[in-house]
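S.K.: Predicted model and sequence below, questions to follow.
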Amino acid sequence: MTEEEYSVFSSYYCGVCKATGKCASQISRLGLSYDITFLALVLSSLSNDGKCREERCIVHPKKKRKCIHYDSAVEYAAAAGVVLTYLKLKDDWCDERSIKALLGMAAFFFGARKAKKLLMREYPVIDSQLRILSGYEKVKSKSIDDTADAFGKILECLFTPAFIKTESQKRALAWLGLNLGRWIYMIDAVSDIEKDIKTHSYNPFIEMGYKDFRKCADDMELSLTLNLDGVATAFELIDFKKNKNIIAKIIYVSLKEKQRSILCDAGKVKNESL
């Protein structure tokens, strides 16, 4: 990204952070992620809503930073981020009885309860798909398609909020979310395979019999690339009103480079393979 484009992306990051404090709780801002910022950026860019203004915050008290306000997509993404964080912590507590997850749940509880009211349509879908994913983990499913689809359907739902009225836009956004969710789940599973072998944690690739990083990555590289192609195809069908170049660079450059970095850092593919 250019300096100007990165400034725009950062303004959405700050906007989601501020909106999280308002729609949930101040402590919920700790769960902020770039994934949720991307959701806010994409949905916001379908309209000309939102205003950018410079202001200070607790993290950056000395220098004012650009921040997006009065944008329904940013507020929606903020609520989604809080709910996702809380439900993931809840799932970790139920599955692993993790004290860390329990403390996190306590910290996010009141914020998640407020945020849930803004996601009456999406919350049951997210909760249901996480339960399905948890079920696959409990039976140690050997299907990467089933597990990746369960996570992909969460993003499919989040990328199609009620305020998107055009059916063609909804279909394209759903396809973008599904493929992005599948890609995130699979790339994380590939990345974590070494750690999961050592900790005896669930990983669909381990259950499928993979014991070698290079073999797993070589076999999954095509599937990962096809999911990125699905994201790109959906992007081309969406009528963006603004920020199209920024979103294009994230999809065509950043995600592809992230995949290359993860696979190459573990010695799984040759540098020229992508």
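M.R.: Here it is on my side, so go on. Numbers count the residues shown, from 1 in each chain.

S.K.: Strands of the stretch 51-200 of the chain, start to end?
M.R.: Ranges of strands in the stretch 51-200 of the chain, per DSSP state E, counting those that start in this stretch, are 51-55, 65-69.

S.K.: To Leu255, which of these lies closest?
M.R.: Nearest of the strands of the stretch 51-200 of the chain to Leu255, taken as C-beta to C-beta: strand 65-69 at 22.3 Å. Bear in mind the C-beta positions are built from the backbone N, C-alpha and C, glycine included.

S.K.: Could I get the average pLDDT for that closest one?
M.R.: Average pLDDT, strand 65-69: 89.

S.K.: So that it lines up with my notes, have the first residue be 189 from now on.
M.R.: In the new numbering, first residue 189, that becomes strand 253-257.

S.K.: Kindly reformat the strands of the stretch 239-388 of the chain as a markdown table and extend each row with mean neighbour count and distance to Asn391.
M.R.: Output for the strands of the stretch 239-388 of the chain, formatted as a markdown table (neighbours: other C-beta atoms under 10 Å; distance: least, C-beta to C-beta, whole Å):
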| stretch | mean neighbour count | distance to Asn391 |
| --- | --- | --- |
| strand 239-243 | 12 | 42 |
| strand 253-257 | 19 | 37 |
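
S.K.: Between these, which one is closest to Met408.
M.R.: Nearest to Met408, of all the strands of the stretch 239-388 of the chain, is strand 253-257, at 36.0 Å by C-beta to C-beta.

S.K.: quick one on the thing from earlier: which one of the strands of the stretch 239-388 of the chain lies closest to Pro349?
M.R.: strand 253-257 (16.7 Å).

S.K.: Kindly tell me how buried Lys403 is, as a neighbour count.
M.R.: Other residues near Lys403 number 13, with proximity taken as other C-beta atoms under 10 Å.

S.K.: same question, Ala436
M.R.: 14.

S.K.: just Cys202 next, same as before
M.R.: 24.

S.K.: Touching, it and Arg253? I think so.
M.R.: Yes: look at Cys202 against Arg253 with C-beta atoms under 8 Å: they come within range, at 5.6 Å.

S.K.: Now the common contact residues for those two.
M.R.: Taking C-beta atoms under 8 Å, 6 or more residues apart in numbering as the criterion, Cys202 and Arg253 both touch Cys245.

S.K.: mind checking which of the strands of the stretch 239-388 of the chain is nearest Gly209?
M.R.: Nearest of these (C-beta to C-beta): strand 253-257, 11.7 Å.

S.K.: which residues of the stretch 239-388 of the chain fall in helices?
M.R.: Applying DSSP state H, counting those that start in this stretch to the stretch 239-388 of the chain gives helices spanning 260-284, 287-304, 310-326, 332-346, 355-387.

S.K.: want to try CSV for the ones you listed, with mean neighbour count as columns?
M.R.: CSV is the format used below for the helices of the stretch 239-388 of the chain (neighbours: other C-beta atoms under 10 Å):
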stretch, mean neighbour count
helix 260-284, 22
helix 287-304, 17
helix 310-326, 17
helix 332-346, 22
helix 355-387, 19
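
S.K.: Reformat these as a markdown table; add mean pLDDT.
M.R.: Formatted as a markdown table, the helices of the stretch 239-388 of the chain follow (pLDDT from 0 to 100):
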| stretch | mean pLDDT |
| --- | --- |
| helix 260-284 | 89 |
| helix 287-304 | 90 |
| helix 310-326 | 92 |
| helix 332-346 | 96 |
| helix 355-387 | 94 |
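
S.K.: Asp417: neighbouring residues, count only.
M.R.: 11.

S.K.: Give me the pLDDT for it.
M.R.: Listed pLDDT for Asp417 reads 97.

S.K.: How about the one 3 residues further on?
M.R.: In this prediction, Ala420 carries a pLDDT score of 97.

S.K.: Lys288: what's it in contact with?
M.R.: Neighbour list for Lys288: Asp280 [criterion: C-beta under 8 Å, 6+ apart].

S.K.: any idea how far it lies from Asp376?
M.R.: 19 Å (C-beta to C-beta, to the nearest Å).

S.K.: I'd like the distance between Cys202 and Lys278.
M.R.: Distance from Cys202 to Lys278, by C-beta to C-beta: 28 Å.

S.K.: likewise Ala436?
M.R.: From Ala436 across to Lys278, the span is 36 Å (C-beta to C-beta).
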